[in-house]
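S.K.: here's my sequence, what's the structure:
(chains A and B)
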There are 2 protein chains.
Amino acid sequence: MKFRKATIKDIPTIIKMISDDALASKREYFTTTLPKTYYDAFERIDSDSNQELTVVIDDKDEVVGVFQMTFIPYLTYQGGIRAQMEGVRVHKGHRNQGIGKSIFQWAIQRTKERKAHLLQLTTDKKRPDAIRFYESLGFKPSHEGMKMHF
Amino acid sequence: MKFRKATIKDIPTIIKMISDDALASKREYFTTTLPKTYYDAFERIDSDSNQELTVVIDDKDEVVGVFQMTFIPYLTYQGGIRAQMEGVRVHKGHRNQGIGKSIFQWAIQRTKERKAHLLQLTTDKKRPDAIRFYESLGFKPSHEGMKMHF
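M.R.: Numbers count the residues shown, from 1 in each chain, chains lettered A, B, ... in the order given. Just a heads-up that it's a prediction; the model follows:
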């Protein structure tokens, strides 16, 4: 398993992966020709050094996972940097093979490399398996994740 | 009440405010001469157009509140931008005057101006009053906020 920065050519594969999920299918829009909004978003992510969109590659050079890390500078914690994970997805045909765990081992390493003092994420309370998985990795459910949609 | 971008001259006042809290006092370090880490962090925030550190000013031109908004580009939600709040503090001597509510009214407006589809934050489960306050504003506690400290 390898990790590399996502490129514009990965976008269709990534969008297919993030759409292929019971909760996400309501809000994504995958077609053969993708809406331009996804490419505009990729440009915003790719041009920002605090964003890292990373794909996981298997031994056949196929994309089997994706995640985005954001490194956020704050004044709190004596001017600390936080690492944040979002959009973690493993390809449907490659689940239960430890890819999720490998993603987080890599992300923890990356958090330390970027000198962040904290790795954080929010996970939908409707995903109890995900919550258990994150707890098994050492995350503490210490906070309420509050959201307001527009 | 007015809102303006924080400047380097506001840093001591801001750090005093964010230290003046039962949970935060364990992790901040306020002295007359502040550690350089806070100024380095201010530089990182101030030079990044996706970070907005904002102070609230009263009619005597005194800083009575502070908060940081981060605008994060994602591929999810058809390539949407999320607004995130962190480090919201109201000066001890100015609480229960509606400043917190004004901060969020301003932040919601700013979220819309920046064309973000979501405003999010995490709040410590040990702050039940804060959770109730956020719910009163329209936030839903739909997610678990998972943290891993290093």
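S.K.: and stretch A:111-127, which residues are buried?
M.R.: For stretch A:111-127, a neighbour-count test (16 or more other Cβ atoms under 10 Å in any protein chain shown) marks A:111, A:116-123, A:127 as buried. (Glycine included, C-beta is placed from N, CA and C.)
S.K.: that stretch and chain B, any residue contact?
M.R.: Yes - against chain B, stretch A:111-127 shows contacts by Cβ under 8 Å from any Cβ of the partner chain at A:111-112, A:116-125.
S.K.: quick check: which element contains residue A:15?
M.R.: helix A:11-19 (DSSP states H and E).
S.K.: chain center to that helix: distance?
M.R.: Here the centre of helix A:11-19 is set off from its chain's centre by 12 Å, with Cα atoms, centre = their mean, to the nearest Å.
S.K.: which ones among the residues of stretch A:111-127 next to chain B lie within helices?
M.R.: Secondary structure assignment (DSSP state H) places A:111-112 from the residues of stretch A:111-127 next to chain B within helices.
S.K.: how about the residues of stretch A:111-127 next to chain B in CSV, adding pLDDT?
M.R.: Putting the residues of stretch A:111-127 next to chain B into CSV (pLDDT from 0 to 100) gives the following:
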residue, pLDDT
A:111, 98
A:112, 98
A:116, 98
A:117, 97
A:118, 98
A:119, 98
A:120, 98
A:121, 98
A:122, 98
A:123, 97
A:124, 96
A:125, 97
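S.K.: what's the closest of the residues of stretch A:111-127 next to chain B to residue B:107?
M.R.: Using Cβ to Cβ, residue A:122 is the member of the residues of stretch A:111-127 next to chain B that lies nearest residue B:107, at 17.8 Å.
S.K.: could you measure from that closest one over to residue B:62?
M.R.: 34 Å (Cβ to Cβ, to the nearest Å).
S.K.: take the buried residues of stretch A:111-127 and keep only those in strands.
M.R.: If you go by DSSP state E, the buried residues of stretch A:111-127 have A:118-123 in strands.
S.K.: just give me the closest of the residues you listed to residue A:81.
M.R.: Checking these one by one against residue A:81 (Cβ to Cβ), the nearest turns out to be residue A:118, at 8.4 Å.
S.K.: quick one: contacts for the nearest residue to residue A:58 once chain neighbours are set aside?
M.R.: Closest residue in space to residue A:58, ignoring its immediate chain neighbours: residue A:64 at 4.8 Å, by Cβ to Cβ, 6 or more residues apart in numbering or on different chains. Counting by Cβ atoms under 8 Å, 6 or more residues apart in numbering or on different chains, residue A:64 touches A:1, A:56-58, A:90-91, A:94, A:99.
S.K.: how far out from the middle of the chain is the helix or strand that contains residue A:64?
M.R.: Using DSSP H and E, residue A:64 sits within strand A:63-73. Using Cα atoms, centre = their mean, the mean C-alpha position of strand A:63-73 is found 4 Å from that of the whole chain.
S.K.: is the following helix or strand past that strand in proximity to chain B?
M.R.: Heading C-terminal from strand A:63-73, the first helix or strand you meet, by DSSP H and E, is helix A:76-79. Yes - Helix A:76-79 comes into contact with chain B (Cβ under 8 Å from any Cβ), by way of A:76-79.
S.K.: need the contact partners of helix A:76-79.
M.R.: Residues contacting helix A:76-79 (Cβ under 8 Å, 6+ apart): A:73, A:117-118, B:18, B:24, B:27-29, B:35, B:37-42, B:86-87.
S.K.: so, low pLDDT: which residues of chain A?
M.R.: A:22-25, A:29-31 (pLDDT under 70).
S.K.: ok, 90 please
M.R.: Per-residue confidence for chain A (pLDDT under 90) gives these ranges: A:18-34, A:93, A:95-96.
S.K.: grab the most central residue of it for me.
M.R.: Nearest residue to the geometric centre of chain A (Cα atoms, centre = their mean): residue A:67, 2.5 Å.
S.K.: residue contacts, residue A:99?
M.R.: A:1, A:56, A:64-65, A:90.
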